[in-house]
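A.B. asks: Generate a structure from the sequence data that follows.
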Amino acid sequence: MGSHCALQVLKGAKEEGFNTVLVTKSSREKFYRRYDFIDEYIVVEDFQEIVHEDITNKLTETDSILIPHGTLISEVGIEKIEKLNVPIFGNRHILRWEADRDLKTKLMEKSGVSIPKTFNSPEEIDCLTISKLSGARGGSGYFLAKNSEDYYSNVDKFKKQGLMTDADELQIQEYIIGVPVYLQYFQSPLKNELELFGIDKRYETNVDSLGRIPSTEQNEIKLSPTYIVVGNLPLVLRESLLVEVYDIGENFVTASKELVPPGMPGPFCMEGVYDSNGKFIAFEFSARIVAGTNIFTAGSPYSYLTHGANMSMGRRIALEIKNGIDNNTLDDLLT
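C.D. replies: Numbers count the residues shown, from 1 in each chain. Below you'll find the predicted structure:
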């Protein structure tokens, strides 16, 4: 689908010798035609059309494999993805666990990763909290609250803005102060091996620019932070932290196999914060390729250690599919 990380996925597929097909909105077609690694275009007015029979027929006729990303989840929806009559790389069923806050918490707790305190009602709030709408939204739908009064005031704002209709859609978590970090992994079912692929942090508006405004002016104009992702920045962790990074990823893979067979094949991301004690506390996971991997279209410091130069996450997906075809194990990679 023409959004999110389509360019690196298509480029990577072409580098591994595949023909490529892009489903794109007509408003973006001119942009994508700038690139010569896209062989075929399926042009739609709305991404919801990807579930229409004429579109799925075109995809199956070309033996296409759909690579899920955040826009597929937010624009098409979990129910339609689960019923989509097109092979999907990875475990399509775990995408529901990403989007559903209760299932997400269950899987993260099963993996043993540290997570923030969760509040079941606004009346329980006794510290600074962040409330979040479920699903892939690129950082939109977040607000801070230090008590129930703050919470209900922000809920009213969200309803007026049309971002939500029911406060039950929100998850309330303790706000952890520290360095936000996004750990990008690839789990190879064929090699039964976890790879650390890259690490990034998001650049968000307006929270990442508030520090340029003195607190007196912030109070005067009543600025509230927002968390809309506009880009990503590469990050390299202290090497001593990498031992735990691998443990976190491997434990998550093990837990996912128990709760959502066949588990977590392919790319995923653990999203969290390193606090002042150097402890990683995870607040989210993404069960598919994330946009932060776009930083590493030519490879990251970590993918270089495993694969050498020029290995993007998109190309790594294509390589796994290629190996699956060569070894007659492609069915192990698709749902």
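A.B. asks: Tell me where the model's unsure across the stretch 201-335 of the chain.
C.D. replies: When the per-residue scores of the stretch 201-335 of the chain are filtered using pLDDT under 70, the ranges that remain are 222.
A.B. asks: any chance you could map the helices in it?
C.D. replies: Taking DSSP state H, counting those that start in this stretch as the criterion, the stretch 201-335 of the chain carries its helices at 215-221, 242-259, 301-307, 313-326.
A.B. asks: So for the second one, what gets flagged as buried?
C.D. replies: This means helix 242-259. With burial defined by 16 or more other Cβ atoms under 10 Å, the residues of helix 242-259 counted as buried are 245, 248-249, 252-253, 255-256. Backbone N, C-alpha and C define where each C-beta goes, glycine included.
A.B. asks: what's the answer for the last one, then?
C.D. replies: Of the residues in helix 313-326, those buried under the neighbour-count criterion (16+ other Cβ under 10 Å) are 313-324.
A.B. asks: Just say helix, strand or coil for residue 92.
C.D. replies: coil (DSSP: H, G, I helix; E, B strand; the rest coil).
A.B. asks: need the contact list for it.
C.D. replies: 68, 81-82, 84, 335 (Cβ atoms under 8 Å, 6 or more residues apart in numbering).
A.B. asks: Quick one: buried ones out of those residues?
C.D. replies: The neighbour count (16+ other Cβ under 10 Å) marks 68, 81, 84 as buried among the contacts of residue 92.
A.B. asks: Would you mind confirming that the second one makes contact with residue 88?
C.D. replies: Right, the one you point to is residue 81. Yes. Under the criterion of Cβ atoms under 8 Å, residue 81 makes contact with residue 88 at 7.5 Å.
A.B. asks: Between the two, which contacts overlap?
C.D. replies: When contacts are counted by Cβ under 8 Å, 6+ apart, residue 81 and residue 88 have residue 68 as shared neighbours.
A.B. asks: quick one, the longest strand seen in the chain and helix 242-259 angle?
C.D. replies: Of all segments of type strand in the chain, defined using DSSP state E, the longest is strand 193-206. In terms of direction (axes from the mean of the first three to the mean of the last three Cα atoms, to 10 degrees), strand 193-206 departs from helix 242-259 by 100 degrees.
A.B. asks: picking up where we left off before, would you mind giving the buried residues of helix 313-326 as a markdown table with distance to residue 15 added?
C.D. replies: Below are the buried residues of helix 313-326 laid out as a markdown table (distance: Cβ to Cβ, whole Å):
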| residue | distance to residue 15 |
| --- | --- |
| 313 | 12 |
| 314 | 9 |
| 315 | 5 |
| 316 | 11 |
| 317 | 11 |
| 318 | 7 |
| 319 | 9 |
| 320 | 13 |
| 321 | 12 |
| 322 | 10 |
| 323 | 14 |
| 324 | 17 |
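A.B. asks: which among the residues you listed gets closest to residue 297?
C.D. replies: Proximity of these to residue 297 was ranked by Cβ to Cβ; the top entry is residue 314 with 7.7 Å.
A.B. asks: still on that earlier bit, can you pick out the ones from the buried ones among the contacts of residue 92 that are in helices?
C.D. replies: Among the buried ones among the contacts of residue 92, the subset assigned to helices under DSSP state H consists of residue 81.
A.B. asks: From the buried ones among the contacts of residue 92, pick the one nearest residue 122.
C.D. replies: Looking at these and their distance to residue 122, the nearest is residue 81, at 31.7 Å (Cβ to Cβ).
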